[in-house]
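Engineer: Build me a model from this:
(2 chains, ligands or ions: 2)
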Amino acid sequence: MKTLADLKKIREKAQEEMKLRGGNTRIKIVVGMGTSGIAMGAREVMKTFLEEIANRNLTDVLVTQTGEKGLSSLEPVVDIIEEGKPKVTYGNMTPEKVKKVVVEHIVNGRIVSDYVVATGN
Amino acid sequence: MKFYRSHILVSINETSLAAGVQEFITALRNELAKNDLAEEINILETGPLGFFGRGICLTVYPENINYEGVKIEDIPELVQEHFLKGRPVKRLMVGVTEKFSPKFNYENRIVLRNSGIIDPENIDDYIGAGGYVALEKALTNMQPNDIIAEVKKSGLKGRGGAAFPAGLKWSFTSALDVPQKYVVVNADEGEPGTFKDRLIMEGDPHQLLEGIILCARAVGASKAYIYIRGEYKLCIARLEKAIKQAYDYGILGKNIFDSGFDLDIELKIGAGAYVCGEETALIESLEGNRGTPRWKPPFPGVEGLWKAPTIVNNVETLANVPFIIAKGADEFLQYGTPDCPGTKVYTILGDVAYPGLCEVDMGTTLRTIINDYAGGMKKGFRFKAALVGGAAGVILPDRLLDVKMDFTSLNQYSAVLGSGAILVLNEHQSIVDLLWSILRFFRHESCGKCSPCKNGTQQLYQLISKIRKGNGTMEDVNLMLLIAETMQQTSFCALGQSPIMAVRSAIENFTDEFIEITKK
Ligand SMILES: Cc1cc2nc3c(=O)[nH]c(=O)nc-3n(C[C@H](O)[C@H](O)[C@H](O)COP(=O)(O)O)c2cc1C
Ligand code: SF4
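Structural biologist: Ligands and ions are numbered 1, 2, ... in the order given. Now for the predicted structure:
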């Protein structure tokens, strides 16, 4: 049995979860998953992003993947896309670097310039 | 909490079940697990997705990519290419292999707005999508009469065929001061080629429940029945689940959210006769009697189930109500025409590229529905005619393609919107054959209670059979008109009053074809 107040809570929680499905998010992480990206460890990079985001309960972040970008020497490559800001591309990513990017860039909004290989559109 | 980077929405409906969607999902889960993706990608079973598609259909979020006709053999490719590498598999995508790019036809949707987006078996999803907001509003801020006033203001008309204003119907029943009233949902959907109610219930069962609760609250009913076709197995299962969830949450039962309002909802499985969709026959059937119509008046709203005042409404009618109460009648009036506000859900079958379901504004033309929503005609075919409104509907030729589809506009052409079934015929198909199958249907479905219909449907069928074989004359054609007109004037219920629609429209709009076939 629920009260109207319970219903409100259920609604808020479900809304968060559905927002994730729909892609209405503040920040988008795009991992390059072409053949060479995968060979260079893009799967591990992707997984680490997902783990870090789940651990921190970040509900406004979207992780998605894309194909080859023609930057094979820099793989795994990750783009961070935020509404109204230039795109940031990180290269040669590893799980360790991912953790740092999540804390610094995703949570605190500070670009980790050491890993950046390109910015802009 | 669990974080998925991607969600695969799989449409579960009778079509996809027939195409083996359950096995497909198992295979997809296995393949995702094999590729170590099970923790990253979520599979969500849902109702009709926002596009017309064949067989098993998927929508992948966040990219919002639509696949259709996917088979188990395609799974390894889908997983390798799309889910692992992010490269959508073009050959399976909807609309990209053909010139037509389907208009995602739920742009303007009210009734189907959650369908294909939420998990219909999870009440929290419905709540998250704004579900039961209307109920909260109705119980805390509104009196029963306010609900009726809002529905009246919205101009909502019954979607079951007769187009009677819902708010007006409710106001008659609400005014009666008696201890017991009922709400009965007409989910019998017997019109051939119609399956909109099925998809509305499959895709979003809680929306219907909320509509029922609002109606019951408005008129003062404490018990509701959903009279549903026995063949609708998936709807039945989902509604049962939804009802149980609603009881668990205290949305149904005694003293709902401390308002003092009680409501129980029960499912009743129908036996499948067409006439049982007629409201008084439906009530007879609910009472355990043979499903034959009763005399009206008294109307069910005054004397219905077990002689108690009973609101009978169609599924789609009630499914509109949560939107009207939550967003207000003014928002609802933004859709459709001033005379017929809101949207209409159509099922389109026949020779169109994408047969299926769409929800569009009232007043959208038949041409737009066919071209923009159903992808136009199938490759290589030309439009000849459309049967609009099912067996109790009319046959429209191409010169009427620009008629607006709403109750009032169609009336000017003695046509009806009926249940919203559209059957499209190509230039090689015969109107005589179509009329034959309609009249065969009526002969089979006449309940035999009154002689104009019992004998008339028999005679109409014999005449059209004779004509179809090439043995008829124009006198026979005219006799058909006379019989159908007599039936219209003298039959006991609307079933016997309906064949005139198809007969007259066929003969008037396609006279040449009748002249041709009777010449031989
Ligand atoms: C032969 C016959 C079959 C009908 N079948 C249905 C049906 O399957 N579903 C339905 O909602 N209404 C059907 N109706 C219309 C109902 O009698 C009734 O008008 C309707 O359920 C009222 O709901 P509404 O005002 O919400 O449209 C049928 C009517 C006739 C005469
Ligand atoms: S019109 Fe036909 S279906 Fe209706 S009561 Fe008469 S015989 Fe029965």
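
Engineer: OK, contacts around the closest residue to chain B within chain A?
Structural biologist: Across chain A, the shortest distance to chain B (C-beta to the nearest C-beta) belongs to A:Ala14, at 2.5 Å. C-beta coordinates here come from the backbone N, C-alpha and C atoms, glycine included. Shown in contact with A:Ala14 (C-beta atoms under 8 Å, 6 or more residues apart in numbering or on different chains): B:124-125, B:127-129.

Engineer: Check chain B and tell me which residue is nearest its centre.
Structural biologist: Geometric centre of chain B, nearest residue: B:Lys196, 2.2 Å, by C-alpha atoms, centre = their mean.

Engineer: thought it was touching B:Gly356?
Structural biologist: No. The criterion here is C-beta atoms under 8 Å, and B:Lys196 misses it with B:Gly356 at 10.4 Å.

Engineer: So for the helix or strand hosting A:Glu96, mean pLDDT?
Structural biologist: For A:Glu96, the host element (DSSP states H and E) is helix A:95-101. Summarised as a single mean, pLDDT over helix A:95-101 is 94.

Engineer: For it, name the packing helices and strands.
Structural biologist: The helices and strands touching helix A:95-101, judged by 3 or more C-beta pairs under 8 Å, 6 or more residues apart in numbering or on different chains; DSSP states H and E, are helix A:42-55, strand A:78-82.

Engineer: Next, format the ones you listed as TSV and append distance to B:Lys169, mean neighbour count and mean pLDDT.
Structural biologist: Shown next, in TSV, are these (distance: least, C-beta to C-beta, whole Å; neighbours: other C-beta atoms under 10 Å in any protein chain shown; pLDDT from 0 to 100):
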stretch	distance to B:Lys169	mean neighbour count	mean pLDDT
helix A:42-55	51	20	90
strand A:78-82	52	20	90
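
Engineer: Look up how far chain A lies from the residue nearest to the centre of chain B.
Structural biologist: Distance, B:Lys196 to chain A, by C-beta to the nearest C-beta, to the nearest Å: 25 Å.

Engineer: do the same with B:Gln207
Structural biologist: When distance is defined by C-beta to the nearest C-beta, B:Gln207 is 15 Å away from chain A.

Engineer: Skip the chain neighbours and tell me the closest residue to that residue.
Structural biologist: B:Ala319 (5.2 Å; C-beta to C-beta, 6 or more residues apart in numbering or on different chains).

Engineer: Could you list the single helix or strand in the chain with the lowest mean pLDDT?
Structural biologist: Reading this off chain A. helix A:35-39 (a mean of 78; mean pLDDT, DSSP states H and E).

Engineer: could you do chain B instead?
Structural biologist: Of all helical and strand segments in chain B, the minimum by mean pLDDT, DSSP H and E falls on helix B:14-18, at a mean of 79.

Engineer: List the contacts of that helix.
Structural biologist: Contacts for helix B:14-18 (C-beta under 8 Å, 6+ apart): B:10, B:54-57, B:195, B:198, B:202, B:234.

Engineer: Near the residue nearest to B:Asn66 when sequence neighbours are not counted, how many residues? Count them for me, please.
Structural biologist: Of all residues not flanking B:Asn66 in the chain, B:Val94 sits nearest, at 4.2 Å (C-beta to C-beta, 6+ apart). For B:Val94, the neighbour count with other C-beta atoms under 10 Å in any protein chain shown is 25.

Engineer: Do I have it right that B:Arg251 meets B:Ala134?
Structural biologist: Just to correct that, residue B:251 is Ile rather than Arg. No. Assessed by C-beta under 8 Å, B:Ile251 is found out of contact with B:Ala134, at 11.7 Å.

Engineer: circling back to that earlier point, list the residues that contact both of B:Lys196 and B:Gly356?
Structural biologist: Shared contacts of B:Lys196 and B:Gly356, counting by C-beta under 8 Å, 6+ apart, come down to B:Thr347.

Engineer: got the contact list for residue 10?
Structural biologist: No chain in the question, so chain A it is. Shown in contact with A:Ile10 (C-beta under 8 Å, 6+ apart): A:2, B:124, B:127-128.

Engineer: think we crossed wires, I meant chain B
Structural biologist: B:16, B:21, B:24-25, B:28, B:43-46, B:56-58.

Engineer: can you list the weak-confidence ranges in the chain?
Structural biologist: Defaulting to chain A. A:19-24, A:67-71, A:121 (pLDDT under 70).

Engineer: Oops, wrong one, chain B.
Structural biologist: B:1-2, B:48-53, B:95-108, B:116, B:520.

Engineer: Need phi/psi at A:Gly84.
Structural biologist: Backbone torsions for A:Gly84, taken as degrees, to the nearest 10, come to phi 80, psi 10.

Engineer: got the contact list for A:Glu44?
Structural biologist: A:94-95 are the contacts of A:Glu44 under C-beta under 8 Å, 6+ apart.

Engineer: re the thing from before, now distance to B:Lys384 too, for the helices and strands packed on helix A:95-101, in a markdown table please.
Structural biologist: What follows is those, written out as a markdown table (distance: least, C-beta to C-beta, whole Å):
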| stretch | distance to B:Lys384 |
| --- | --- |
| helix A:42-55 | 54 |
| strand A:78-82 | 51 |
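
Engineer: Pull the number of nearby residues for the closest residue to B:Thr364 other than its chain neighbours.
Structural biologist: Closest residue to B:Thr364 apart from its sequence neighbours, by C-beta to C-beta, 6+ apart: B:Met405 at 5.7 Å. Other residues near B:Met405 number 25, with proximity taken as other C-beta under 10 Å.

Engineer: Longest helix of chain A, counting residues only.
Structural biologist: helix A:4-22 (DSSP state H).
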